[in-house]
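S.K.: sequence unavailable; structure follows:
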C-alpha cells in the first residue's frame, strides 16, 4: 500500500523572512553557511506569482526560481528526520503542477529524500513576501 504524502505548513519551515530569491548569475556562487538552496519549479500552465517577479530571476528550465532559505530549527529537524544525520549539502525543491492546488515539496540530502505537500496559497505568500533581487 502506498502511503499518502503529508501536508506541511510551508511558513513553519521556509518562512518568507528567511527566504531570498537569487539572480541566475549568482547561482554558481557558494552560499552562506546557513543557507539551503531552494528550487521552485513551475510547470507551464500554473498561474502563480512568478510573472510578477522582476529582474533576472526566472530560469528557463520550466520557469524555475532559485533562492536560499536560512536554516532554522524546524527545517533542520525536518531534514535530519530523513535519515537521522545533519548534512552540509541540502536542497529543497517545490514542484508546482498544472492541475492541483497541492504542490510537492521534496527535501533532498545525500542518501535520502522525503516528499510532502504544500498549498498554492502558501507558495504564493512565500513568493510575494520574500526578499527579491533589486533590479539594476
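M.R.: Great, that's in hand. Every value quoted in this text rests on a predicted model; they were computed, and no experiment measured them. Residues are numbered from 1 along each chain as shown.
S.K.: list the buried ones in the top helix by length along the chain?
M.R.: For the chain, the helix with the greatest residue count under DSSP state H is helix 120-129. Within helix 120-129, the residues that qualify as buried are 120, 122, 123, 125, 126, 127, counting by 16 or more other C-beta atoms under 10 Å. Any C-beta I mention is one placed from the backbone N, CA and C, and that applies to glycine too.
S.K.: after the lowest-mean-pLDDT helix or strand in the chain comes which helix or strand?
M.R.: Lowest by mean pLDDT, DSSP states H and E among the helices and strands of the chain is strand 58-59, with a mean of 49. Using DSSP states H and E, the helix or strand that follows strand 58-59 in sequence is strand 64-70.
S.K.: and the helix or strand that comes right after that following strand, average pLDDT?
M.R.: Going down the chain from strand 64-70, the next helix or strand is helix 73-80, by DSSP H and E. Across helix 73-80, the average pLDDT comes to 86.
S.K.: same check, this time on stretch 109-126
M.R.: Here the average pLDDT along stretch 109-126 is 82.
S.K.: what about it, start to end distance?
M.R.: In stretch 109-126, first residue to last residue: 23 Å (C-alpha to C-alpha, to the nearest Å).
S.K.: okay, now residue 105: neighbour count?
M.R.: Neighbourhood size, residue 105 [other C-beta atoms under 10 Å]: 24.
S.K.: so that it lines up with my notes, have the first residue be 16 from now on.
M.R.: Yep, numbering from 16; the last one is residue 120 now.
S.K.: that one: which element?
M.R.: Element membership of residue 120, judged by DSSP H and E, is strand 117-124.
S.K.: that strand pairs with which strands?
M.R.: Strand 117-124 pairs in its sheet with strand 106-111 (antiparallel), strand 127-134 (antiparallel), by DSSP bridges.
S.K.: tell me the contacts of the residue nearest the centre of the chain?
M.R.: In the chain, the residue lying closest to the centroid (C-alpha atoms, centre = their mean) is residue 53, at 3.8 Å. Taking C-beta atoms under 8 Å, 6 or more residues apart in numbering, we find residue 53 in contact with 29, 34, 81, 82, 83, 84, 106, 107, 108, 109.
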